[in-house]
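# Predicted structure and sequence below. I'll ask about it afterward.
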Amino acid sequence: MPDLIIKNARLFIGDILQPAEIAVDNGKISSVKKNIDTKSYNEVINAKSALVLPGAIDVHVHFRDPGMTKKENWYTGSCAAAAGGVTTVIDHPNTIPSTTDAESFKKKLKAARKSIVDYGINAGVTANLTTLKGMWELGAISFGEIFMAESTGKLNINERTLNQALATIGNLGATACIHAEDEEIRQKFVHLLKGNLEPGSHSRTRPPLSEKTAVEKAIKHAGETKLHFCHISAGESLEIIKNAKQVHKITCEVAPHHLFLNTNDWKRLGTLGKMNPPLRDYRNQQSLWDGLNNGIIDIVASDHAPHLEHEKMTDIWTAPAGVPGVETMMPLMLMAVKRNLLTLKRLIEVTSLNPARIFNLKKGVLAPGYDADMIIVGKPEQIRKEKMHSRAGWTPYHGMKAMFPKLTISRGEIIMEDAGITAKRGRGRFIPGKGIIAGNDVE
Ligand code: DOR
Ligand code: ZN
Ligand code: ZN
């Protein structure tokens, strides 16, 4: 008997919002129709005319596991994802050990078995390029984030290594995800601003110029390799990316903290507001909204970077960089749609359609044959830090209005209902990249 049917939903089909019903069979969508006979289904969910969307695919999370599990682990991180309407994540390599060779890749695979949502795992890039192929064959979904400047984990590489890494990644037919900030520029400004204890000085040590310069350098070495720029934060970087898209295979993402926060928030957040790239001014923030609406930006991804509140409560130079975001990304974006900052069509593109297309996932579409990953959208409410599922235990968006999912469904199974996790620990599945070699997917 088919598993599940969702009645009385509102779906975005053929560019319009319309009433529809969805049937799920063996974890996959089997039909989407105006009316489906409920009699033969195990479970019937009445969406009561609420909006039903594909579950979000967050291509940029740091779940800290293995090695930093007091900040987050695969269970808590994936619960936060489910509570925020994210049904697939891609985890990045700056764990301990860093995911930079076959052995550490296998450790990450093992740690990830706690996840309640499906996941891809990225392979990190250091000066040792001989390890890349091995991780690709173990099913890495893509490479990176490749750090061009110092950040959490200190995995940054120099331009020469970047050049060689991009050639190697290109030969594998894989995508390189780039953290674009220029280390030389950063060092110059750190030297100039040393001793300045104002939190806002962090934005000045990593100015828009440092991102733009790094974007230019990466493009210079791109050749035929597919580049995906992580968390673009400055208008001038978007200009370069827009032009380079004519010649190279380039995509880019924006993080919610650069869309919903700006340098005015230093006052409210203090050192909690530290992340890399840093908070930008209002003008850059507006350029990001423009880039999102006009198609230069392809994806919204959280860069979920949990650190504990007390770890952040020190001087701005010592505080770790990064903010939690996987749980609040979709709710904030849905609220932005309600406020007409972007269309519903564009929201679906940047949170599910494009991530699936760019990272080759058979997900992100509410149509027969696809994984039944979806959310039923709830009403606007306040973001409360005490309600968050992440181990970080705080959020930079406390008090802001957002629209959380009422229900999150992954492969036809309800994994979150009314902020409560209903999924069994470890039900999430590894999604191997296209380089996987048969036999490597079983342990
Ligand atoms: O703010 C950031 N936090 N930027 C990064 O590049 C890394 C991340 C983290 O892992 O903490
Ligand atoms: Zn980064
Ligand atoms: Zn990151």
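Arrived safely, thanks for sending. Ligands and ions are numbered 1, 2, ... in the order given.
# The closest residue to ligand 1 within the chain: how many residues sit nearby?
The chain approaches ligand 1 most closely through residue 322 (2.8 Å), counting by Cβ to the nearest ligand atom. For glycine as for every other residue, the C-beta is placed from the backbone atoms N, C-alpha and C. Neighbour count of residue 322, defined by other Cβ atoms under 10 Å: 22.
# same question for stretch 173-188, mean pLDDT?
The average pLDDT within stretch 173-188 is 98.
# Make 24 the starting number, not 1.
Renumbered: residue one is now 24, and that last one reads stretch 196-211.
# can you pull out the strands in the stretch 274-423 of the chain?
Using DSSP state E, counting those that start in this stretch, the strands of the stretch 274-423 of the chain run over 322-323, 397-405.
# Quick one: closest of those strands to ligand 2.
Smallest distance to ligand 2 across those (Cβ to the ion): 13.8 Å, for strand 322-323.
# who's in contact with the closest residue to ligand 2 within the stretch 74-223 of the chain?
Distances between the stretch 74-223 of the chain and ligand 2 by Cβ to the ion are smallest at residue 202, namely 3.6 Å. Applying Cβ atoms under 8 Å, 6 or more residues apart in numbering, we find residue 202 in contact with 167, 168, 169, 170, 171, 172, 174, 253, 254, 299.
# can I assume the fifth one is in contact with residue 205?
Read it as residue 171. Yes - shown here, residue 171 and residue 205 form a contact pair, counting by Cβ atoms under 8 Å, at 6.4 Å.
# Mutual contacts of the two, please.
Common contacts of residue 171 and residue 205, defined by Cβ under 8 Å, 6+ apart, comprise 237, 240.
# Comparing those two, which residue is more hemmed in?
Ranked by neighbour count (other Cβ under 10 Å), residue 171 and residue 205 place residue 171 first, with 26 against 22.
# returning to that earlier point: let me know whether the residue of the chain closest to ligand 1 touches residue 334 as I believe.
No - the pair residue 345 / residue 334 is not scored as a contact, 10.1 Å apart, by Cβ under 8 Å.
# hmm, who's touching the one helix or strand residue 211 maps to?
Residue 211 is part of helix 206-216, with elements assigned from DSSP states H and E. Applying Cβ under 8 Å, 6+ apart, the external contacts of helix 206-216 come out as 171-173, 179, 181, 224, 227-230, 232-233, 236.
# which of the residues in that helix are buried?
206, 208, 209, 212, 216 (16 or more other Cβ atoms under 10 Å).
# Apart from its neighbours in sequence, what residue is nearest the last one?
Going back to what we said before, that points to residue 216. What sits nearest to residue 216 in space, not counting adjacent residues and going by Cβ to Cβ, 6 or more residues apart in numbering, is residue 224, at 4.9 Å.
# The one you found: how many residues sit nearby?
The number of residues near residue 224, taken as other Cβ under 10 Å, comes to 19.
# Hmm, residue 302 and it touching each other?
No - at 11.5 Å, residue 224 does not count as touching residue 302 under the criterion of Cβ under 8 Å.
# ok so, going back, redo the buried residues of helix 206-216 as TSV? Include distance to residue 399.
TSV is the format used below for those (distance: Cβ to Cβ, whole Å):
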residue	distance to residue 399
206	45
208	46
209	44
212	46
216	48
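# Can you narrow those residues down to the ones near ligand 1?
The subset of the buried residues of helix 206-216 within reach of ligand 1, by Cβ under 6 Å from any ligand atom, is empty.
# Identify the farthest-apart pair in these.
Between any two of the buried residues of helix 206-216, the greatest separation by Cβ to Cβ is 15.7 Å, found for 206 and 216.
# Quick check: residues of the stretch 274-423 of the chain near ligand 2?
Proximity of the stretch 274-423 of the chain to ligand 2, by Cβ under 5 Å from the ion, involves no residues.
# residue boundaries of the helices in the stretch 274-423 of the chain?
279-283, 289-292, 305-317, 332-335, 352-361, 367-371, 377-381 (DSSP state H, counting those that start in this stretch).
# wait, which of the ones you listed is closest to residue 263?
Closest approach to residue 263 among the helices of the stretch 274-423 of the chain (Cβ to Cβ): helix 305-317, 11.7 Å.
# Average pLDDT for that closest one, rounded please.
98.
# Same check on stretch 65-75?
95.
# what does it rub up against?
24-35, 40, 42, 45, 61, 367, 389, 397-401, 429-430, 437.
# Where does the prediction get shaky in the protein?
Scanning the chain with the threshold set as pLDDT under 70 gives 24-25, 464-466.
# What parts of it come near ligand 1?
When proximity is defined as Cβ under 6 Å from any ligand atom, the chain approaches ligand 1 at 85, 117, 174, 175, 202, 298, 299, 328, 344, 345.
# Most neighbours among the residues you listed, which one?
Counting neighbours by other Cβ under 10 Å, the top entry in those is residue 328, with 28 neighbours.
# If we ignore the residues flanking it in sequence, what's nearest that one?
Per Cβ to Cβ, 6+ apart, closest to residue 328 is residue 345, 2.6 Å.
# Repeat that for residue 310.
The shortest distance from residue 310 to any residue other than its chain neighbours is 3.0 Å, reached at residue 258 (Cβ to Cβ, 6+ apart).
# you'd agree the one you found is up against residue 231?
Yes - using Cβ under 8 Å, residue 258 is in contact with residue 231, at 7.4 Å.
# Give me the common contacts of these two.
residue 307.
# Now do residue 414 against residue 350, distance only.
11 Å (Cβ to Cβ, to the nearest Å).
# Please list all residues in contact with residue 285.
Residues in contact with residue 285 (Cβ under 8 Å, 6+ apart) are 302, 303, 304, 305, 307, 308.
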